[in-house]
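Peer 1: Sequence and computational prediction follow.
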Amino acid sequence: MGVRIVLGAVMLAVLTGCATTRSELDVSVPKPAVQAATNGKKVIISTVDERVFQLDPRQADIPSLKNGEINDKSITERAFGRKRNSFGKGMGDVVLPSGRTVSGLVGEAVASAYRQAGYEVVSGAPAADATQVKVRIVEFWSWFSPGFASVAVNNKSHLKIEGEGASDLDVVTLKSDNMQMVVESDWQKITEAGLQEITRETKGKL
């Protein structure tokens, strides 16, 4: 019994430590199994992060940071989630590694949708035959929801996609996953699931 108590205390300390500190996790956009045939159209995609961070918001799905660094762009452009304890109190945040950004990730997810819809996505200097597409990130966030029998991690997004000569697209997604306990890898999984949902929803609107 004594051994179990000690092990339980150690595990609780580990989990609490993870919850209270900033986690730096690499996230990637899932690749399609098959490349679609091209439709002959080219697009150049640019992405703007327009998310609004708040200091200690009451709602967990609103972007925030543990140390209140909501005006530090070097942090906010990498932040994609916030951990909470069993009472819903905000704890440590979750960010991408240095050099990676949320706008880059979302841009990749949208680019994947265009490729799957048959477009050629080009980069570099603007091409005369390529259409400019601007992706405005209104929302993109992962968060923790406490519960009695189980807990959940969630991811939501709201994108406004503007393309020359085409109607603007409004892309809204929400993914949730219920579990008994949240570990570091669950933040990566739910965020990648959210990116995959962005690709699916965007492709459906093209």
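Peer 2: Cool, got the structure.
Peer 1: Going by C-alpha atoms from here, please, whenever you check contacts or count neighbours.
Peer 2: Noted.
Peer 1: So which elements touch the longest helix belonging to the chain?
Peer 2: Ordering each helix of the chain by length in residues (DSSP state H) puts helix 184-205 first. Secondary-structure packing of helix 184-205 (3 or more CA pairs under 8 Å, 6 or more residues apart in numbering; DSSP states H and E): helix 102-116, strand 130-145, strand 151-163, strand 169-179.
Peer 1: quick check: mean pLDDT across it?
Peer 2: On average, the pLDDT along helix 184-205 is 96.
Peer 1: List the contacts of that helix.
Peer 2: For helix 184-205, the external contacting residues (CA atoms under 8 Å, 6 or more residues apart in numbering) are 18, 23, 25-30, 81, 94, 105-106, 109-114, 116-117, 142, 153-157, 169, 171-177.
Peer 1: ok, now with 7 Å
Peer 2: 25, 27-30, 106, 109-110, 112-114, 117, 142, 153-156, 171, 173-175 (CA atoms under 7 Å, 6 or more residues apart in numbering).
Peer 1: Just the buried ones among these, please.
Peer 2: By neighbour count, with 16 or more other CA atoms under 10 Å, the contacts of helix 184-205 hold 27-29, 106, 109-110, 112-114, 117, 142, 153-156, 171, 173-175 as buried.
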